[in-house]
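> Sequence unavailable; structure follows:
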């Protein structure tokens, strides 16, 4: 029995050493950045991933946006404005942190006089915020006398994460999903409000 344990230990040790060799053998560490590899759909290691170079948040985000063919503009602080699938977004980040925040700029607006519309949208936002990863926020601007809605999501992103491009896209998709869900719930609230009249 002890001999069997020793044999299994040696086989596993040899496999780990060969896996480490696969990870460290790279002429150009950035060549496969964001490409598929590492683990298959069953979660088994396939030895295809590469160790990625360490990148600051700003560099990583710009490289992801370039690979996604997004047009972007850098702001004064640590922010980037970009367009993805026709929608305008703002990125907030710090090179000292892995935290990233994406804003989907104002996508609903009505006057403060329209109390029914505001009520329907508040209910829709509150309902959907409890059911989504991203968050919708409403703002009451008394100076301009308008009610607006925007959405945001906060997440960690690091160049050493597996598939950072896909991870970034998944958060953008959460913002699209939230916006769609809020619009559907808003329509539902509006219909229910009309029926109650």
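Noted; the coordinates are in hand. Note that the structure is predicted; figures quoted are calculated from it, not measured.

> Please make it C-alpha for all contacts and neighbour counts, starting now.
Noted.

> shaky segments in the protein?
In the predicted model of the chain, residues 1-53, 197 satisfy pLDDT under 70.

> which residues sit in contact with residue 137?
Going by C-alpha atoms under 8 Å, 6 or more residues apart in numbering, residue 137 touches 125, 149-152.

> again, only using 6 Å
149-151 (C-alpha atoms under 6 Å, 6 or more residues apart in numbering).

> beta partners of it?
residue 150 (DSSP bridges).

> Could you say which helix or strand holds the spatially most central residue of the chain?
The geometric centre of the chain, computed from its C-alpha atoms, lies nearest to residue 171 (C-alpha atoms, centre = their mean), at 2.3 Å. With the criterion set as DSSP states H and E, the secondary-structure element containing residue 171 is helix 164-196.

> Who does residue 111 form a beta bridge with?
Legend: beta-bridge partners of residue 111 under DSSP bridges are residue 146.

> which residues touch it?
Residues counted as contacts of residue 111 (C-alpha under 6 Å, 6+ apart) are 145-147.

> now for the helix holding residue 171, which elements pack on it?
With contacts defined as 3 or more C-alpha pairs under 6 Å, 6 or more residues apart in numbering; DSSP states H and E, the packing partners of helix 164-196 are helix 115-129.

> Name the surrounding residues that touch the helix it packs on.
135, 182, 185-186, 189.

> Pipe those residues into a markdown table and attach neighbour count per row.
Formatted as a markdown table, the entries for the contacts of helix 115-129 read as follows, by neighbours: other C-alpha atoms under 10 Å:
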| residue | neighbour count |
| --- | --- |
| 135 | 21 |
| 182 | 21 |
| 185 | 19 |
| 186 | 23 |
| 189 | 19 |
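
> Turn the contacts of residue 137 into a markdown table, columns for distance to residue 97 and neighbour count.
Rendered in a markdown table, the data for those read as follows (distance: C-alpha to C-alpha, whole Å; neighbours: other C-alpha atoms under 10 Å):
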| residue | distance to residue 97 | neighbour count |
| --- | --- | --- |
| 149 | 28 | 20 |
| 150 | 24 | 18 |
| 151 | 22 | 22 |
